[in-house]
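Visitor: give me coordinates for this.
(chains A and B)
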Amino acid sequence: MAADMRLPTVRKAVSLSVSAFDRKDLVVPGDVITSDTGFMRGHGTYVDEDKLTASVAGEVQRVDKLICVRPLKTRFNGEVGDVVVGRITEVQQKRWKVETNSRLDSVLLLSSVNLPGGELRRRSAEDELTMREYLQEGDLISAEVQSVFSDGALSLHTRSLKYGKLGQGVLVQLSPSLIKRQKTHFHNLPCGASIILGNNGFVWLYPTPEQQEEEAGGFYTSLEPVSLSDREVISRLRNCLLALAAHKVLLYDTSVLYCYEFSVQHQVKDILKPEVMEEIVMLTQQKLLEQEG
Amino acid sequence: MRKKTYQLPLCCCRCNVGIPIADCIQIRLVIYNPKCIYYKYFWAVCLAIVLPEKGRMGNVVRRRTRGALRCSSFEVCGNMAGLELLSDQGYRLDGRKATELRKVQARMGVFAQADGSAYLEQGNTKALAVVYGPHEMRGSRSRTRHDRAVINCQYSMATFSTAERKRRPHGDRKSTEMSLHLKQTFEAAVMTQLYPRSQIDIYVKILQSDGGNYSVCVNAATLAVIDAGIPMRDYVCACTVGFVDETPLADLCYAEESGGVSSLALALLPRGGQIALLQMDARLHQDHLEALIEAAMTACKGVSKVLDEVVRQHLEEVSVLSGE
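Guide: Okay, here's the model as predicted:
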């Protein structure tokens, strides 16, 4: 197999405009934000000798009297209603533990999933014993955040037909801050694949299902072979996502789709080459700007 | 300075030669080889222990040599290794002034997989730091703290990092001790109480070792923790200082460290001036201690300025890229 070899090149410096320098809203740990005591202490800050001080590197956000510092990169801080993609790490009594890129493993209670065979069914002791048949360690699921516990752990639910176990597809793990919050995070892209943009930075790419299976309650996974063309589309999308993430472009259906359209002229494997990546992302950004303006 | 020169073959290095030095705990055998390409002064240092009461050398506890040692002379002396660490003009072996730091270069966010990562060079010492977390406790659940996060550090040295190839990159006694020190340092700075029941992993690897390993690790790990977006009270900056000829030397290199200088490592939270860790395992007169700590604090503040610049540069680059 011929490998693509390249010589090391000098890293391109990001062109910082004059306005970007000395920005007052960028702080580093230990920076005093204000010594005025009239403000409220939000996330990413602490009070040191009556001075409000930053504890993370990032952007200062003020909402009325509340001051927060939002770090550029962090683990997923879930909010109620967020769509997440996660992986089962543990099966416990009446609950599954799910890894969702959060600072503690999330909990999926047996009582907050739709079991096969109807909405209104009591959870019996038998269900508890057969939990591993529905979801076992290593399975991927999509779910919604139901509530947040006091220690920051998330409680999930899959009480809708769109959530549940994920079957054949590709998982891409990115930074949660790159996912744009939108009304819907499930998209059937016109290029022939579907995408779940989890708020936690986990993105699931899968072939668009033919029709929705009603009875299975989200535990049915199709094991039909996926056609080569579908797989190609999915791998192209995956590489596009990585390219967009490398250049810190916000991810939502439009940006992914534009990137896909511009990548068509290249081979799937070439998309990850730095120069191709840059070209595609540049075209995408341009089109997105045109669309906005 | 007492200094004796022996014309000996190398094999004597391991022998228990009787040496009449009664007043020091540690002595070093220094082999001076001017032909070596790595340093102007290259030594192979054999650290040995003198049994003070008997006045003779015990077993060689550690040997740092490179394969071909067709050396000419063999110097044995007391606390000084027979090298002039500070010249009369006030210059050190590598041409620095006493308070001058080595050149510090760093980059944040070098890995995509980890939550935070950084690469830092301080002179010829190079370190990579990676941070994962805060995440659910892995491994033994019993270590879980219900009021704060647990910090887990691992220090390792690449096998190719020293002049003599290392057999065990991590897990030996020295690395374990270093991991413990790193853990203590970061527990003082990271606001662990915000993440109950979680764990923060900090992995540091020395890629090239040229003295001041502890301080370079702390500096690299600080950048990685900031990159991971984990709240800290302040930067933690560390520096080693040595004491030669009544003068504190900032940021020792390997040549100086192994030259028998009594050195001190200090980790500082620079803005408040709080000390996160102070370590010294050499002998020093107590009158000099204050001056030495003062010099270390000044050096740490110098390091913090450099780190601050790196972090701000990184912040601006990322925020420009993401178009905020």
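
Visitor: where along the chain do the helices fall?
Guide: I went with chain A, as the question did not name one. With DSSP state H as the criterion, chain A has helices at A:125-129, A:131-134, A:228-246, A:253-263, A:274-292.

Visitor: my question was about chain B
Guide: Under DSSP H, chain B gives helices at B:173-189, B:213-227, B:254-257, B:286-321.

Visitor: of those, which stretch is the most buried?
Guide: Stretch with highest mean neighbour count among the helices of chain B: helix B:213-227 (a mean of 28; mean count of other Cβ atoms under 10 Å in any protein chain shown). The way it works is simple: take the backbone N, C-alpha and C, and place the C-beta from them, glycine included.

Visitor: tell me which helix or strand of chain A sits lowest on mean pLDDT?
Guide: helix A:125-129 (a mean of 85; mean pLDDT, DSSP states H and E).

Visitor: report the buried residues of that helix.
Guide: By 16 or more other Cβ atoms under 10 Å in any protein chain shown, the buried positions in helix A:125-129 come out as A:D127.

Visitor: go on, stretch B:260-278?
Guide: In stretch B:260-278, counting by 16+ other Cβ under 10 Å, buried: B:260-271, B:276-277.

Visitor: now swap in stretch B:123-142 and tell me
Guide: Buried, per 16+ other Cβ under 10 Å, within stretch B:123-142: B:123-137.

Visitor: centre of the chain to that stretch, how far?
Guide: 18 Å (Cα atoms, centre = their mean, to the nearest Å).

Visitor: quick one: B:V131 from A:I141, how far?
Guide: 27 Å (Cβ to Cβ, to the nearest Å).

Visitor: now swap in B:H181 and tell me
Guide: In terms of Cβ to Cβ, B:H181 sits 42 Å off from A:I141.

Visitor: circling back to that earlier point, near chain A, which of the buried residues of stretch B:123-142 show up?
Guide: B:G133, B:P134, B:H135, B:E136 (Cβ under 8 Å from any Cβ of the partner chain).

Visitor: in the stretch 101-250 of chain A, what residue spans correspond to strands?
Guide: Along the stretch 101-250 of chain A, counting by DSSP state E, counting those that start in this stretch, strands occupy A:106-113, A:140-148, A:154-158, A:164-165, A:170-173, A:186-188, A:193-197, A:202-207.

Visitor: need the residues of the stretch 201-324 of chain B near chain A, please.
Guide: Close to chain A, as judged by Cβ under 8 Å from any Cβ, the stretch 201-324 of chain B has residues B:226-235, B:269-272, B:308, B:311-312, B:314-324.

Visitor: can you tell me the closest non-neighbouring residue to B:L307?
Guide: B:Y235 (5.6 Å; Cβ to Cβ, 6 or more residues apart in numbering or on different chains).

Visitor: looking at it, the one you found is touching B:L269, isn't it?
Guide: Yes: counting by Cβ atoms under 8 Å, B:Y235 touches B:L269, with 7.2 Å between them.

Visitor: any residues in contact with both of those two?
Guide: A:G30, B:A189 (Cβ atoms under 8 Å, 6 or more residues apart in numbering or on different chains).

Visitor: per-residue pLDDT, residue 247?
Guide: You didn't pick a chain, so chain A it is. Looking at A:H247, its pLDDT reads 89.

Visitor: hm, I was asking about chain B
Guide: 91.

Visitor: need the nearest residue in space to it, chain neighbours excluded.
Guide: Nearest to B:T247 is B:A98, by Cβ to Cβ, 6+ apart, at 5.1 Å.

Visitor: residues contacting the one you found?
Guide: Applying Cβ under 8 Å, 6+ apart, the residues near B:A98 are B:L86, B:G90, B:R92, B:T247, B:P248, B:L249, B:A250.

Visitor: in the stretch 1-150 of chain B, where is pLDDT below threshold?
Guide: B:1-82 (pLDDT under 70).

Visitor: my bad, should have said the stretch 151-293 of chain A
Guide: Short version for the stretch 151-293 of chain A, where the test is pLDDT under 70: A:211-220.

Visitor: what parts of it come near chain B?
Guide: A:D151, A:G152, A:S177, A:A246, A:H247, A:K248, A:V249, A:L250.

Visitor: switch to 6 Å and redo it
Guide: A:D151, A:K248 (Cβ under 6 Å from any Cβ of the partner chain).

Visitor: circling back to that earlier point, ok, the residue nearest to B:T247 to B:F243 distance?
Guide: From B:A98 over to B:F243 (counting by Cβ to Cβ), the distance is 10 Å.

Visitor: with B:Q184 instead?
Guide: Taken as Cβ to Cβ, the span from B:Q184 to B:F243 is 24 Å.

Visitor: ok, now B:T125?
Guide: 20 Å.

Visitor: do the same with A:K12
Guide: 45 Å.

Visitor: of those two, who's got more company?
Guide: Neighbour tally, A:K12 and B:F243, criterion other Cβ atoms under 10 Å in any protein chain shown: the higher count belongs to B:F243, 21 against 8.

Visitor: quick one: pLDDT of the more buried one?
Guide: 91.

Visitor: and A:S111, by the same measure?
Guide: 88.

Visitor: tell me who's in contact with it.
Guide: Contacts for A:S111 (Cβ atoms under 6 Å, 6 or more residues apart in numbering or on different chains) come out as A:R123.

Visitor: do the same with A:R87
Guide: Contacts of A:R87 (Cβ under 6 Å, 6+ apart): A:E99, A:L140.

Visitor: what's the distance between A:A143 and B:S87?
Guide: Distance from A:A143 to B:S87, by Cβ to Cβ: 68 Å.
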